[in-house]
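Chemist: Sequence and predicted structure, then a few things I'm wondering about:
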Amino acid sequence: MSSEFLPLVIGFILGIKHAFEPDHLIAVSTIVVDQKNPFKAALVGTFWGIGHTTSLLITGILVLLLKLSIPRNLSIAFEFLIGIMLIILGARAIQRGSVILHAHQHEHEEETHQHLHFHEGKPAYRKHHTSFLIGSIHGLAGSGALMLLVLATIPSLSQGLYYILLFGLGSIIGMTVMSFLLGLPFIFSASKFPQIEKYMRIFAGTLSILFGLFWIYQILNNYSLLLLFFHQA
């Protein structure tokens, strides 16, 4: 295998691996809970991957053409945005899984009866542009940002573009497969055990919020250590 071809293969493999990062999977899981078809759930991951690749491609072209470097503060800002996004996605998932106690009256044989039953909270309207947007934000943070650093070492514009596209293709394939698999428990429970499906939504939302808070804590803690290091230096 030639030295020029090897980085492209590595880029494809890293793209697949990139889709398995926990923040990606948790974010997508809060969207696939709304899907009632496994192939529609898979499309959520596909659009995530397309958005992810789009942001990397645009930024990568700027890096390759202008030999730019990604400012550390900008990278941290996008990382912080990931945590905020996870919290918002989690809150919306919990809202969709919430239940409302409702009293209903009706007459039967000239007698008035009152029944208590539950209604699900109104589901949020979602389309694939949501997963596209989430993928775009993810593409500017985390391992995506590290991929852009690799581009700065690639002298050829064409090779750099191939690297981005293969990395993106790997992430699209990886996230499409994972979204399909993540959607199966929600789809199965929705048709067989609707009450359990409701709590699975709440669990997915709670996990997203907790992970988002942990993510923000890690960013702030690492940023504080970074400032301390430069101050001492």
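Modeler: Nice, thanks for sending it over.

Chemist: For W215, which non-adjacent residue is closest in space?
Modeler: G83 (3.9 Å; C-beta to C-beta, 6 or more residues apart in numbering). Quick note: C-beta positions are derived from backbone N, CA and C, even for glycine.

Chemist: Does that neighbour touch I216 like I think?
Modeler: Yes. Here G83 reaches I216: they are 3.7 Å apart, a contact under C-beta atoms under 8 Å.

Chemist: of these two, who's got more company?
Modeler: Remark: of G83 and I216, G83 carries more neighbours, 21 against 18, as counted by other C-beta atoms under 10 Å.

Chemist: May I ask which helix or strand encompasses that one?
Modeler: Assigned by DSSP states H and E, G83 belongs to helix 72-97.

Chemist: Check which residues of that helix are buried.
Modeler: 75-76, 78-83, 85-87, 89-94, 96-97 (16 or more other C-beta atoms under 10 Å).

Chemist: got the residue ranges for the strands in this structure?
Modeler: Per DSSP state E, the chain has strands spanning 99-108, 111-120. These are given in chain order.

Chemist: Contacts only, for the closest residue in space to L207 that isn't next to it in sequence.
Modeler: In space, and not counting its chain neighbours, L207 is closest to I26: 6.2 Å by C-beta to C-beta, 6+ apart. By C-beta atoms under 8 Å, 6 or more residues apart in numbering, the residues touching I26 are L86, A204, L207, S208, F211.

Chemist: Distance check, the first one against S189.
Modeler: When C-beta to C-beta, to the nearest Å is applied, the distance between L86 and S189 equals 23 Å.

Chemist: What of the fourth one?
Modeler: Distance check for S208 against S189: by C-beta to C-beta, it reads 18 Å.

Chemist: cool, the third one as well?
Modeler: For L207, the distance to S189 equals 16 Å [C-beta to C-beta].

Chemist: Show me the shaky parts of this protein.
Modeler: 1-4, 68-70, 97-127, 142-153, 155, 194, 223-233 (pLDDT under 70).
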